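**Student:** Quick check, what structure comes out for this input:
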Amino acid sequence: MLTLDLIKQAAERIAGRVHRTPVMTSRAFNEVAGCEVFFKCENLQRAGAFKARGATNKILSLTDEEKKRGVMAVSSGNHAQAVALAAREAGVRAVVCIPDDAPKMKVAGMRNYGADIRVFDRHKDDRDAFGSEIAEREGLVPVPAYDDYLIMAGQGTSGLELVEDVPDLDCMLAPCSGGGLFAGVSTAAKGLNPSIRCFAVEPDTANDTQQSIAKSERVKISPPPTIADGLRVQTPGELTFPITRQNAEAVLTVTDDEIISTMKFILFRMKLVVEPSGAAAAAAVFARKMPQNYRRVGVVLSGGNVDSDLLAEILKD
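**Tutor:** The predicted model follows:
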């Protein structure tokens, strides 16, 4: 089970191996949003995203025998980078399975961290089957991107830190793809402050979690077309979904245009580079998608790994 105690254990385990990222504010953003917003800047995390927390917690929890076997991860980018980094520092072999359209910046990061990269076709291959076959054939230990309590606990340390730094938040928003970040952050937040309200955020074209909650069962969608490459998971996790359903006040959706507008504002007014997936939760606040009775709002900026070509294209407009 995912508990506040498990998240606190993760915080102790990964201390000194990941950054305690800063919490930032912006008067200009507050004016547009109509509330006071506190940004947890995981775009400034090691490997450029919150994923370093969960991957580090999971790999440090492996037995010596498991570490000798090596690890395998399936990811569109940030999780693969995080696993590659955590594995390198633990002296563990890492194989990462990524789609052929993974952002070049993220692929370069994996390669720099020494990962063995395997590529699949997002539209033709079953990503989980692809990774499982490799893990079984080569005797590797799978490190799930989200559907694992140690991964969720690691991700939850970002929420733990945010509520410790800003204890009187009315609500908190985090991007939701497979659900590991939202499950961890919301569990930590509610564990420390039971009155806090938590909102999950997805692209409107990748709203598998919103559909799943509406139907009270996990729904699988087609590969979603969205600029937010880290939020393209097609169905919520088996372990994460019950936690999301319990903790989410609602699942909010944002358009690609709203994500892009928010990225630009954060870049030019706050001087922070945030990738599309990392800006999703901020976009929901920026576009006033949440109820307007919340005055002090926590937002997780989940990552900053945006390709230079994509950033140039966004800024050209």
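**Student:** C-alpha from now on. contacts and neighbour counts both.
**Tutor:** OK.
**Student:** can you map out the helices along this structure?
**Tutor:** Applying DSSP state H to the chain gives helices spanning 4-14, 27-33, 51-60, 64-69, 78-90, 104-112, 127-138, 149-165, 180-192, 208-215, 240-247, 256-270, 280-286, 308-316.
**Student:** Quick check: which of those helices is nearest to Arg296?
**Tutor:** helix 27-33 (10.0 Å; Cα to Cα).
**Student:** Just list what the closest one packs against, helices and strands only.
**Tutor:** strand 36-41, helix 280-286 (3 or more Cα pairs under 8 Å, 6 or more residues apart in numbering; DSSP states H and E).
**Student:** could those go into TSV alongside distance to Asp148 and mean neighbour count?
**Tutor:** TSV is the format used below for the helices and strands packed on helix 27-33 (distance: least, Cα to Cα, whole Å; neighbours: other Cα atoms under 10 Å):
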stretch	distance to Asp148	mean neighbour count
strand 36-41	23	23
helix 280-286	23	29
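**Student:** Turn those into CSV, including distance to Phe182.
**Tutor:** CSV is the format used below for the helices and strands packed on helix 27-33 (distance: least, Cα to Cα, whole Å):
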stretch, distance to Phe182
strand 36-41, 13
helix 280-286, 11
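**Student:** wait, which of the ones you listed is closest to Gly184?
**Tutor:** With distances scored as Cα to Cα, the stretch of the helices and strands packed on helix 27-33 nearest to Gly184 is strand 36-41 (14.2 Å).
**Student:** and that closest one, which strands flank it?
**Tutor:** Using DSSP bridges, strand 36-41 pairs in its sheet with strand 23-24 (antiparallel), strand 296-301 (parallel).
**Student:** So Gly154 sits against Ala15, correct?
**Tutor:** No. Using Cα atoms under 8 Å, Gly154 is not in contact with Ala15, being 10.7 Å away.
**Student:** Between the two, which has more neighbouring residues?
**Tutor:** More crowded of Gly154 and Ala15, by other Cα atoms under 10 Å: Gly154, with 31 against 14.
**Student:** now the more buried one, nearest residue through space, not along the chain?
**Tutor:** Distances taken as Cα to Cα, 6 or more residues apart in numbering place Gly54 nearest to Gly154, at 3.9 Å, with adjacent residues excluded.
**Student:** show me what contacts the one you found?
**Tutor:** Each residue near Gly54 by Cα atoms under 8 Å, 6 or more residues apart in numbering is listed here: 150-155.
**Student:** Also Gly180?
**Tutor:** 145-148, 151-152, 155, 240.
**Student:** quick one: which of the residues you listed has the most company?
**Tutor:** Highest neighbour count within the contacts of Gly180, by other Cα under 10 Å: Met152, with 34 neighbours.
**Student:** Asp309 versus that residue, what's the distance?
**Tutor:** From Met152 across to Asp309, the span is 32 Å (Cα to Cα, to the nearest Å).
**Student:** pretty sure Asp147 is in contact with Phe241, am I right?
**Tutor:** No. In this structure Asp147 lies outside contact range of Phe241 using Cα under 8 Å: 9.1 Å.
**Student:** what do these two both touch?
**Tutor:** In terms of Cα under 8 Å, 6+ apart, Asp147 and Phe241 are both contacted by the residues Gly179.
**Student:** So which bits of the lowest-mean-pLDDT helix or strand in the chain are buried?
**Tutor:** None of the helices or strands of the chain scores lower by mean pLDDT, DSSP states H and E than helix 104-112, at a mean of 85. The neighbour-count check on helix 104-112 (16 or more other Cα atoms under 10 Å) flags 104, 106-107, 109-110 as buried.
**Student:** Quick check: of those, which lies closest to Leu231?
**Tutor:** Of all those, Lys106 has the smallest distance to Leu231: 14.7 Å, by Cα to Cα.
**Student:** I'd say that closest one and Asn305 touch.
**Tutor:** Yes. Using Cα under 8 Å, Lys106 makes contact with Asn305 at a distance of 6.6 Å.
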